[in-house]
Structure formats: C-alpha cells, structure tokens
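# What shape does this take:
(2 chains)
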Number of protein chains: 2
Amino acid sequence: MKYFEDIKVGDVFAVGRHTFAADEIKAFARRFDPQHFHVDEAAAARSHFGGLIASGWHTASVWMRLMVEYRRRMAEAMRARGEPVAGIGPALGFRELKWLKPVYVGDTVDYRTEVIETRPSQSRPRCGLLTYRSSGVNQNGEPVLSFESTTFVERRGEQP
Amino acid sequence: MKYFEDIKVGDVFAVGRHTFAADEIKAFARRFDPQHFHVDEAAAARSHFGGLIASGWHTASVWMRLMVEYRRRMAEAMRARGEPVAGIGPALGFRELKWLKPVYVGDTVDYRTEVIETRPSQSRPRCGLLTYRSSGVNQNGEPVLSFESTTFVERRGEQP
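Prediction:
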C-alpha cells in the first residue's frame, strides 16, 4: 500500500467485483449459515425473499478476499516500479456493517472502499490511522452492503 | 424463539462453542482471507502473531452457524412442549464488530449472546426490536470477538 502521507480523504479503491453463483452460496451457507433461504432454492422461492440469497457473512467475506488480492496487486505494481511499499495493519474490527439488500444468484457485486478520515496515531508514532467506508453495489446500482473500518498504515518516516 | 414479551434485558443465550482446527482455518482463509498468517503455518510462526490464526470473518461466521443451530434446537424443544414459536427476522447488520484477540489453532471459543435492549417497533406494530451483544471468549477466559445487533421478534399478539 501507499504510505500514510500519500493517502487522502476521498481516495477510492476499486477493490473488485464478484458474481455470486448458486453453488458457492449454498456451499458457504451449509457450512456457516444454514437458513432455508441460503441453502435450498425451492424453500427460498417460497420465502419472503422469493429466491436463493447469499449469507451476509458470505458477501462480507468476499470483500475480504478481493481486498487481500487488491493489496497484493497494488504492492506488486509498486515494487515493479521500484517504489517502497508501506506496511498495513490488520483491521481490528468493523463498524456499522449493514446488509442493505439481498444478494441473489447471479448478482454481481462491485466493491469499493473510500477513505473517510486520516489521522496520526497517538499510540504508534510510526503509523497513521486510516478510516474507510466499504460498500458493495449490485448490477442495478443498488447498495447491498456497507461497513466502516479503521486500520494502521505505516508513515513514510524521516527521509535521510 | 420466545415472543418479544418473554425476552428481557440481561437474558443470556449460550449459543455454543467451537474449537478451531488448522485445516478449517486454512480452508476458510484460502477461499476468503488468504493472508500468510491465516494460510501458512511456517509463515504465521514468523509473523508477529507467532502462529496460525483464524480469519476474523471465520470466527464471526462460526457464530452465525452456532446461532442458527441454537435457534433450531430451541424451536424444536418449544414445539415438543406444545409451545408456539415466535418468528424472528434476519439481522439487518452488525455494529461494533471487534476482533479483540487472535484465535489460534486449537483455541475453543465459547459464544454467548446477551439481550441489552428491548423496545416496540414503530414500523412493524406486530414486532418488537431486540438488541443484543454477542461475544466469543477463549478457553483462557479472554474475549476474542464481540459485536452488537438488532433484530425483529414477533409479539405475542392479542390473546383471545
């Protein structure tokens, strides 16, 4: 990732997109969220959702994978250009995780993460704190997921 | 589940416990969170965690499965006693999801959910709103995970 000093409020990361297939929706839900509208097409069709939908934890977990892959691509591109890559800490949690609309079979969710606050860290002088809002929007432009998080990002440090 | 009127602030649900094995930690992480400290024992041992740890999304997803199974057990027991079972809505999101300590291979997490607020719903007069705080505590008594959520629960309705 970029260093703390190079990241600004309003910066947007196009994290990636994912199309949810019936098989993966059911595989995740059988393991972690075996409610009828996540695991059984016929029962889901009779539910108030009217069709099979992905578990909210599944849609959030897909964001995580896309974010890990995005960071990896960014780091590789920066190294290829000979730029130093800043360390980034693991997120310590999430706030206001909202599932706004169901994600149905075949829906494509476009995940974006926007920087909403940057501030120096009191506890770790070599780091800054980056707060961002992540969201997922389906192919109809409807937000399906949003959450906020804060993470440590390395500062550029003293240049010699 | 019980009806809204039968649920009180301070009620605790012992949702269940789960021991995290290396294989499942790596299987989840390869799919959703392929960071080195979640997928590779040797690399994890060299990381600042000092060993393989579960993805935070994995520890949250396990809560979801245990909660679904818990509700099912409760509903079956109530039906067996001839008691009516109240409907409960899907959670619309979570607040203040915090991963407080790493979950290492072999750790057993005990998940509990405590009711922290109950109030009538303005938008759905036949329902009440239940706010609860869920937490996971490891075998050493250390909290590893916590979050809050609000969900609709059916009211008992007018008795004839």
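
# now the helices for chain A?
Taking DSSP state H to define them, one finds helices in chain A at A:22-32, A:36-39, A:41-46, A:56-80.

# Residue numbers of chain A in contact with chain B?
Neighbours of chain B within chain A, by C-beta under 8 Å from any C-beta of the partner chain: A:31-35, A:55-57, A:60-62, A:64-65, A:68-69, A:90-99. Every residue, glycine included, has its C-beta placed from N, CA and C.

# Which among those residues count as buried?
Taking 16 or more other C-beta atoms under 10 Å in any protein chain shown as the criterion, what is buried in the residues of chain A next to chain B is A:31-35, A:55-57, A:60-62, A:64-65, A:68, A:90-91, A:93-95, A:97-99.

# Could you figure out how far the worst-scoring helix or strand of chain A on mean pLDDT is turned away from helix B:56-80?
In chain A, the helix or strand scored least confidently by mean pLDDT, DSSP states H and E is strand A:93-99, which has a mean of 90. If you take axes from the mean of the first three to the mean of the last three C-alpha atoms, to 10 degrees, strand A:93-99 sits at 50 degrees to helix B:56-80.

# strand partners of strand A:93-99, parallel vs antiparallel please.
Applying DSSP bridges to the sheet, strand A:93-99 is found paired with strand A:143-154 (antiparallel), strand B:93-99 (antiparallel).

# Show me the contact partners of the last one.
Meaning strand B:93-99. A:56, A:91-99, B:56, B:59-60, B:144-149 (C-beta atoms under 8 Å, 6 or more residues apart in numbering or on different chains).

# For the residue nearest to A:Leu130 when sequence neighbours are not counted, which residues are in contact?
Excluding its sequence neighbours, the residue lying closest to A:Leu130 (C-beta to C-beta, 6 or more residues apart in numbering or on different chains) is A:Val153, at 4.9 Å. Contact partners of A:Val153, counting by C-beta under 8 Å, 6+ apart, are A:1-4, A:7, A:86-89, A:127-130.

# How about the contacts made by the residue lying closest to A:Gly106 once chain neighbours are set aside?
Distances taken as C-beta to C-beta, 6+ apart put A:Thr19 closest to A:Gly106, at 6.7 Å, once the chain neighbours are dropped. Contacts for A:Thr19 (C-beta under 8 Å, 6+ apart) come out as A:106-109.

# out of those, which are buried?
Buried, going by 16+ other C-beta under 10 Å: A:107, A:109, out of the contacts of A:Thr19.

# No more questions from me, cheers.
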